[in-house]
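> all I have is the shape, not the residue letters:
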């Protein structure tokens, strides 16, 4: 199956956020120019129109206007009127000129790393922008032709309460956003805030408080017309992120750039997390695995269960060649016994499963059991 979704990694930031575990380095214009030229060489070899393009990071908007223009120009050949073309931006590096360039270059979806509208929370997260900057970035973006604007919000840091989290959601609701992603704070060992977590055990809130905050987001955003379509993602009708839906359906995609991952014909590859290596040699892989058919099928189940749509058994059989209940009987029994899923019925027949509200709270456990 040919990959029609492409992820491009821009590994530069002004400063590393305290909770971030993604590969990135401090922005320097000289090496960024060389990196963009290396990306252009790789993109030149991409044939045909793509269904989705997602430029992530790092912070893509940290690139200068001239570098962004140089980079985006080479993607024109891969864009059609049906391509969903997303670029991630941060509030402090978003400008009117960059927004105009995005529109002129075919970008039709903006993902803004707001995280919060309140200074204290942003400071504790290690962000370099403040609440006013978050608001100004949204106001600037909403004045453009772009009507598909998403923001990221984060919850669960020690300085936060259910009320202050709701305050963040209320500020977001003042803007006509098409999509909101809500993530609870997770600290991996390699991120700077992990050390603070070890010193201050309460840096991340307790699970029962996190669960209440998540339920608050689900109910409040639904009232605003933003329905949950995946564990952490909420959108208005017709504005689900098609690029991410491609991941959750376990469809093929290819990645370009340092640390980017590709998944084609059941083979998963990861490029080296090394900017200079990518500039010299392109995508040199430091990890590669060929997944057996049954493992691919179980990964498909583990990913698709995260969506509100759930898993249709006929869809699963057509996609993987396996009968869902034959290879997932143990997981199905566990999830039913622990009241995490409901059966999807058609003419009194069970045709699939999906997470219930309790299941969404324990979605990671549900996915692990399906693997």
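Arrived safely. Please read all numbers here as calculations on a predicted model, not as lab measurements.

> confidence-wise, which helix or strand of the chain is lowest on average?
Per-element confidence for the chain was summarised using mean pLDDT, DSSP states H and E. The lowest value among helices and strands belongs to helix 193-199, with a mean of 57.

> name the residues of the very next helix or strand once past it that are buried.
Scanning the chain past helix 193-199 towards its C-terminal end, the next helix or strand to appear is helix 207-223 (assignment: DSSP states H and E). Taking 16 or more other CB atoms under 10 Å as the neighbour-count basis, helix 207-223 is seen to contain the buried residues 209, 210, 211, 213, 214, 216, 217, 218, 220, 221. Placement of C-beta: from N, CA and C, glycine included.

> just stretch 301-321 next, same as before
Within stretch 301-321, the residues that qualify as buried by neighbour count (16+ other CB under 10 Å) are 301-307, 309-313, 315-316, 319-320.

> could you work out the end-to-end span of it for me?
Chord length of stretch 301-321, first to last residue, is 13 Å (CA to CA, to the nearest Å).

> buried stuff in stretch 241-256?
Taking 16+ other CB under 10 Å as the neighbour-count basis, stretch 241-256 is seen to contain the buried residues 241-248, 250-256.

> next, the distance between the ends of it.
End-to-end distance of stretch 241-256: 20 Å, with CA to CA as the criterion.

> one more: stretch 170-178?
Start to finish, the residues bounding stretch 170-178 are 15 Å apart (CA to CA).

> for stretch 101-110, same thing?
Looking at stretch 101-110, the gap from its leading to its trailing residue is 12 Å under the measure CA to CA.

> distance from the chain centre to it, please.
The chain centroid and the centroid of stretch 101-110 are separated by 19 Å, computed with CA atoms, centre = their mean, to the nearest Å.

> okay, now the unreliable bits of this structure?
Low-confidence regions of the chain, defined here as pLDDT under 70, cover residues 1, 17-21, 187-204.

> if you set the cut-off to 90 instead, what comes out?
Within the chain, the stretches falling below the threshold (pLDDT under 90) are 1-3, 14-26, 124-126, 145, 157-159, 185-206, 281-287, 348.

> helix, strand, or coil at the spatially most central residue of it?
Nearest to the centroid of the C-alpha atoms of the chain, with distances taken as CA atoms, centre = their mean, sits residue 244, at 6.5 Å. Here residue 244 is recorded as helix under DSSP: H, G, I helix; E, B strand; the rest coil.

> that one: what's it in contact with?
The neighbourhood of residue 244, defined by CB atoms under 8 Å, 6 or more residues apart in numbering, consists of 230, 233.

> distance check, it against residue 5.
10 Å (CB to CB, to the nearest Å).

> what does residue 241 give?
Spatial separation of residue 241 from residue 5 under the definition CB to CB is 11 Å.

> swap in residue 107?
Counting by CB to CB, the gap between residue 107 and residue 5 amounts to 16 Å.

> nearest to residue 146 among the buried residues of stretch 301-321?
Distance from residue 146 was checked for each of those by CB to CB. The minimum falls on residue 307, at 25.3 Å.

> the closest one and residue 250 touch, don't they?
No. The pair formed by residue 307 and residue 250 falls short of the contact definition of CB atoms under 8 Å, at 11.3 Å.

> just the helices from the stretch 51-200 of the chain, written as ranges.
Counting by DSSP state H, counting those that start in this stretch, one finds helices in the stretch 51-200 of the chain at the ranges 65-73, 96-104, 119-125, 131-141, 162-173, 193-199.

> for residue 100, what are its contacts?
Contacts of residue 100 (CB under 8 Å, 6+ apart): residue 144.

> what does stretch 29-48 contact?
Residues lying outside stretch 29-48 but in contact with it, judged by CB under 8 Å, 6+ apart, are 4, 6, 8, 10-12, 63-64, 67, 70-71, 74-75, 78, 256-258, 275-276, 278-279, 282-283.

> in that stretch, what counts as buried?
Buried residues in stretch 29-48, counting neighbours by 16+ other CB under 10 Å, are found at 32, 33, 35, 36, 38, 39, 42, 43, 46.

> nearest to residue 160, of the residues you listed?
When those are compared for distance to residue 160 (CB to CB), residue 32 comes out closest, at 34.4 Å.

> wait, residue 88 sits on residue 111?
Yes. Using CB under 8 Å, residue 88 is in contact with residue 111, at 4.7 Å.

> give me the common contacts of the two.
Common neighbours of residue 88 and residue 111, using CB under 8 Å, 6+ apart, are residue 56.

> show me which of the two is the more surrounded one.
Taking residue 88 and residue 111 together and counting by other CB atoms under 10 Å, residue 111 has the greater number of neighbours (22 against 19).

> partners of the more buried one in the sheet?
According to DSSP bridges, the residues that bridge with residue 111 are residue 88, residue 150.

> ok now do it, which residues does it touch?
Remark: with contacts taken as CB under 8 Å, 6+ apart, residue 111 is in contact with 56, 86, 87, 88, 89, 150, 151, 152, 181.

> wait, the second one sits on residue 102?
No. Here residue 86 does not reach residue 102: they are 10.1 Å apart, not a contact under CB under 8 Å.

> looking at the two, which has the bigger crowd around it?
Just comparing residue 86 and residue 102: by other CB under 10 Å the higher neighbour count belongs to residue 102, 26 against 22.

> lovely, talk soon.
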